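Q: A structural model of the following input is requested.
(2 chains)
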Amino acid sequence: MSDRTVYLPRVILCRFGELFLKQGNRSRFLGKLESNVNKILAGTGLKVASPHGRIIIKVPESLCATPEQAETLLLEAGERLSRVFGLVSLSIATRTEPTIEAMGATALLEAQKVLQRYSGKQDPSFKVDCRRGDKNYPMTSYEIAAEVGHRIIEALKLRVDVHNPDFTIGIEIGKGTPPLVFADTRACPGGLPIGTAGRGLLLLSGGIDSPVAGWLAAKRGLALDGIYFHSPPFVGEKTRDKILELARILGRSQAMDNVFVVPFTEIQKKLRESTKGDLSVILYRRMMMRIADRIADRTKAGVLITGENLSQVASQTVENMSIIDQAARHLVIRPLVTFDKMETVALARRLGTYETSTLPYDDCCSLFMPNNPAIAARIENVLACEAKLDVEAEADAVAAMVEQIPVGA
Amino acid sequence: MIYLDHAASTPPLEAVLRAVDATAREMFANPSSAHSEGARAARALETARTQVAALLGAEARDCIFTGSGTEADALGVLGAARRARGRHLVVGAIEHPAVLGNAELLEKSGYRLTRVAPNGAGIIEPDAIAQAVTEDTALVAVMLVNNELGTLQPITAIAQKLGNNRRPHFHVDAVAAAGHVPIAVRTLGCDSLAISGHKLHGPRGVGALWSRAGAAMDALYAGGGQEKGLRSGTENLPAVVGLGLACELAHKRLHEHRNALLSLRDVFEDAVLTRVPGTRPTVPRETPRGPHIASIAIDGLPAEPLLHALDARGVQVASGSACASKKKGPSHVLKAIGIGDDTAVLRFSLSHQTTAAELEQAVTSLAEAVAEISQVAHLSRHRKNRHV
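A: Numbering: from 1, shown residues only, chains lettered A, B, ... in the order given. Just a heads-up that it's a prediction; the model follows:
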């Protein structure tokens, strides 16, 4: 089927790195990446093509009345694509003819555009960086870079600095595709395409950590749903709204498909009553694992993800985490386990979850917290408390009352 | 729904909504325009001004419209202080952030700020203000009714202490008071006074500031010079008309509403204090108070779960403190009267639309909520055993 659509010369060139390492699975990974890119651009009218192992986003001519409109469209698409896992970087580029004259002229235009932004900067320096996928091209990469660079120096009287340039003009000559010329490169998150590592279930609280943990898990290719344990009236409706907002922010990175809201109050009260000591936090978390297991069965998730961190609070010890994990049938991973708080906060700010996470709604009421939580609980004591109720049946009952909320991007 | 959070916002009256709608549709001309439609809009503006002035016992020409109660307070604080010679401010420690926050803005720019603590009953004593005032004092600000406690401040006595000669500008935040207690600016003896539309069944996004004729005041920003140059920007006529009508209706039935509210409130407080274990009045009941606010303290319980438990039973109230696990803690007002972290304070605020049956139901709901939360709180208190 031939594509007769006419496309504008401006495109987005998407680069991916690690996929190349996955020799055996390469086509599967690339297919997933392409489908994720398609999904995130859904509704824009842009065309996703992947000639020779590259992903190129093209603008149908009919989509834009003016070149400015096309630029706006490409910038917005670039913004969305900059959150796609598996992409390493992207550039808005211009397709040109495979002649040195055409490449030189296009590169000159790109350089002039950059210079407009550099106004005021004294004596800016540049370099030309050429990559040649088509080894049959009559000039070497070095020769092309030198020739194009020469034309830019002649026209704009710029200085070359190959080690520390103020800007770089890139030229990519692919096999059987027109050369691409670009000036800007925007970083993408890297990692692996979502879905290539299966599905996970993220235990979402309203705090700073769990959304970051989810993002990191998604970065390694896990598709995600979230599970939130809601305890009204000990927390309010605004906390629930905050969780859904955090889920929506993760959804922008395709890292959250559904949130499961668990009515946790009644079972939390029962667990609270089952211990005279300080085991309550461990009992809650073990119950959360049991309920999460059941939801994971439903979503076919292979792994549970939490935002827990070693020693962040008194109860987050190796001993306690081991006891919590023993209640779960699924693998439990804690992407932030070794992070310092500042590292997590920095990442949360970058993801845009920090402001929402720090809204002043209680995510967990102090009434349910012991004054002195157990630092190194003993499993026999935990089991003794749990023996007072039928924990598996309780988990079944709660899991049956869970509300599923799809996350809009 | 039993809505008992009128001190946060009131439902606009049906007549007010109709007036807002009609004005927006039919009187869209700019009151500053020279043509007949402009003149009609200008007349509507002046009618509203007269209605507001009547509620305040003031002259219409001394009232201006603002975009909110907060803006009216900001003008009364920043606008007045910037024109005064002095560089010292005296404000009550239990003022609303609209006053306190703007005084703190001035403090950052080099003013000295004295926050006068209330007595244990939540009253700012006139002598305490008098003692704080110096030759250099530019501004004194004390609210008429405290929005959290309902306490009625002795404004007239404070004004008398300030004297008549070379006295500082005296601003009064009457946002929580207007429509509930009689206001006569001449009797109060203040220099400016702020009210807000949505606290007296008027629309959002509109407030008013009365200021004594001749009181020196700077605008917060420049523009077309509307509202005597103090509040530039094309007048929000629909909201202003709505505010005017709300003031007129509140004024007409002020005493009737006030008497009804006083008796409703007293019955409600009696019922809560006798039927709900652990409750006490946040301030002594004999303290002079506005008629529409009942503040109830419950020691040993966190406020927010109580609020949510009431909410789940269809009763909406406000809390003055939070779950002790978070930094929020008690508000500056509750701290100022010595309320600690471990006391829940709930504010039940009434309006003339509140019925005895609703309040009766609210008492029952409160009793249930307190029982529900106490059950869990009880467990939290008897744990000493760390060897687990």
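
Q: From here on, just use CA atoms for contacts and neighbour counts.
A: Fine.

Q: how much space between B:His96 and chain A?
A: Separation of B:His96 from chain A (C-alpha to the nearest C-alpha, to the nearest Å): 20 Å.

Q: per-residue confidence for that residue?
A: Looking at B:His96, its pLDDT is 96.

Q: Tell me, how many residues neighbour it?
A: Using other C-alpha atoms under 10 Å in any protein chain shown, B:His96 has 21 neighbouring residues.

Q: ok and the residue in the stretch 1-150 of chain A nearest chain B?
A: Going by C-alpha to the nearest C-alpha, chain B is nearest to A:Arg83 of the stretch 1-150 of chain A, at 32.8 Å.

Q: quick one: that residue and A:Cys188 touch, right?
A: Yes. Between A:Arg83 and A:Cys188 there is a contact under C-alpha atoms under 8 Å: 6.1 Å.

Q: who's in contact with the residue of the stretch 1-150 of chain A closest to chain B?
A: Neighbouring residues of A:Arg83 by C-alpha atoms under 8 Å, 6 or more residues apart in numbering or on different chains: A:Cys188, A:Pro189, A:Arg252, A:Ser253.

Q: Repeat that for A:Asp134.
A: A:Ile173, A:Gly174, A:Lys175, A:Gly176.

Q: before we move on, back to that, check the residue of the stretch 1-150 of chain A closest to chain B and give its pLDDT.
A: As predicted, A:Arg83 sits at a pLDDT of 95.

Q: what about it, distance to A:Lys135?
A: Applying C-alpha to C-alpha, to the nearest Å, the value for A:Arg83 to A:Lys135 is 33 Å.

Q: got it, and B:Ser211?
A: Separation of B:Ser211 from A:Lys135 (C-alpha to C-alpha): 83 Å.

Q: Compare the two and say which is more crowded by neighbours.
A: Between B:Ser211 and A:Lys135, B:Ser211 has the larger neighbour count (other C-alpha under 10 Å), namely 25 against 13.

Q: pretty sure that one contacts B:Ile195?
A: No. Applying C-alpha under 8 Å, one finds B:Ser211 not in contact with B:Ile195, separated by 11.7 Å.

Q: any idea which element the residue lying closest to B:Pro11 once chain neighbours are set aside lies in?
A: Nearest in space to B:Pro11, with sequence neighbours left out and distances taken as C-alpha to C-alpha, 6 or more residues apart in numbering or on different chains, is B:His201 at 5.5 Å. B:His201 is part of no helix or strand, with elements assigned from DSSP states H and E.

Q: Ok, B:Leu346 next?
A: Going by DSSP H and E, B:Leu346 is in strand B:343-349.

Q: hmm, who's touching that strand?
A: Residues outside strand B:343-349 that contact it (C-alpha under 8 Å, 6+ apart) are B:4-7, B:148-149, B:282, B:292-304, B:307, B:317-322.

Q: Run the angle between the helix or strand following that strand and strand B:343-349 for me.
A: Next along the chain after strand B:343-349, taking DSSP H and E as the criterion, comes helix B:356-381. Counting by axes from the mean of the first three to the mean of the last three C-alpha atoms, to 10 degrees, helix B:356-381 lies at 170 degrees to strand B:343-349.

Q: Against A:Phe229, how distant is A:Ile243?
A: In terms of C-alpha to C-alpha, A:Ile243 sits 10 Å off from A:Phe229.

Q: shared neighbours of these two, which are they?
A: Shared contacts of A:Ile243 and A:Phe229, defined by C-alpha under 8 Å, 6+ apart, comprise A:Leu204, A:Ser205.

Q: Looking at these two, which one has more neighbours?
A: Between A:Ile243 and A:Phe229, A:Ile243 has the larger neighbour count (other C-alpha under 10 Å), namely 25 against 22.

Q: Skipping its backbone neighbours, what lies nearest that one in space?
A: Per C-alpha to C-alpha, 6+ apart, closest to A:Ile243 is A:Gly206, 5.6 Å.

Q: quick one: stretch A:401-409 to chain centroid distance?
A: Relative to its chain's centre, stretch A:401-409 lies at 20 Å (C-alpha atoms, centre = their mean, to the nearest Å).

Q: tell me the contacts of the residue nearest to B:Arg85 when sequence neighbours are not counted?
A: The shortest distance from B:Arg85 to any residue other than its chain neighbours is 6.5 Å, reached at B:Ala138 (C-alpha to C-alpha, 6+ apart). B:Ala138 makes contacts with B:Ala81, B:Ala84, B:Arg85, B:Gly86, B:Arg87, B:His88, B:Leu89, B:Pro168, B:His169, as judged by C-alpha under 8 Å, 6+ apart.
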